[in-house]
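Undergrad: Got a predicted structure here, sequence first:
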Amino acid sequence: MALVTNDFATPAELTDAFAGRILGILQHAIVEKGSATLVVSGGRTPQPLFAKLAEADIDWSKVTITLADDRWVPVTDDASNDKLVREHLLVKKAAAATFITLKHDFVDAADAVPACEAALADITLPFDVLILGMGEDGHTASLFPCSEQIAAGLDLNSQKKYIAVQPTTAPHQRMSLTLPALLASKNIFLHLTGQSKKDVVLDALQANEIDKPIKAVLDRATVNLMWAP
Ligand SMILES: O=C1O[C@H](COP(=O)(O)O)[C@@H](O)[C@H](O)[C@H]1O
């Protein structure tokens, strides 16, 4: 639908402005309906944003946080998005938030899909805020172009909110929200740093969504790109 570009001169300026924007939406949701939902991504990009959010003075006890995707590794592993959230977001003032993990005690992520669906069952959609990341291959959440599951993950008729994904060119099996579940969000942000990732987004606008899965979101939602070099 629309890509709204918000460019900042430095990562620090991006972090400050982006945190303010997210907090404003969460605060508004809390006033309007008594609660708010925040879906975050993992990887390296969001760590400073998480640190900034964690210090914010909102009523975090009314906020539920979950992940758009996770790597199927123990939550003690440095590759775990769950670990990232627990160590950098669910601290200080934000420690009062409720966290819905995607990691359940199954060897194969595919066996954990029902547990993830059940854990999300009490949450009323749409999510208030979705923060997506993106890899250089155009994957978003864990909807990887190189995976056998990509068509199923992008299927708008899917009744599933989660899908287990096995990338072939990236490590770890994954658990990911499906495209229809990602699109069930009132405010969608794409959080990127570096010129190369911005170029990937601009290229993706002309690409096939199976090759560049971020395109599937860009085509169907207003996406605020929050970017700094
Ligand atoms: O594997 C993943 O990669 C993307 C991008 O991560 P980054 O380190 O390049 O910021 C991330 O959005 C996703 O949550 C993660 O599982």
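TA: Here it is on my side, so go on.

Undergrad: Next secondary structure after the longest strand seen in the chain?
TA: Across the chain, the longest stretch assigned as strand under DSSP state E is strand 185-193. The C-terminal neighbour of strand 185-193 among helices and strands, as given by DSSP states H and E, is helix 195-204.

Undergrad: what does that following helix rub up against?
TA: 3, 134, 136, 138, 190, 192, 212, 214-215, 218, 225, 227, 229 (CB atoms under 8 Å, 6 or more residues apart in numbering). (Glycine included, C-beta is placed from N, CA and C.)

Undergrad: again, only using 6 Å
TA: 138, 212, 214-215, 227 (CB atoms under 6 Å, 6 or more residues apart in numbering).

Undergrad: Let me know whether that helix sits next to the ligand.
TA: No. Taking CB under 6 Å from any ligand atom as the criterion, helix 195-204 and the ligand are apart, separated by no less than 7.4 Å.

Undergrad: Tell me the gap between that helix and the middle of its chain.
TA: Averaging C-alpha positions (CA atoms, centre = their mean, to the nearest Å) puts helix 195-204 18 Å from its chain's average.

Undergrad: Over to stretch 137-156?
TA: A distance of 14 Å separates the C-alpha centroid of stretch 137-156 from that of its chain, computed with CA atoms, centre = their mean.

Undergrad: pLDDT averaged over that stretch - what is it?
TA: Summarised as a single mean, pLDDT over stretch 137-156 is 98.

Undergrad: All set now, cheers.
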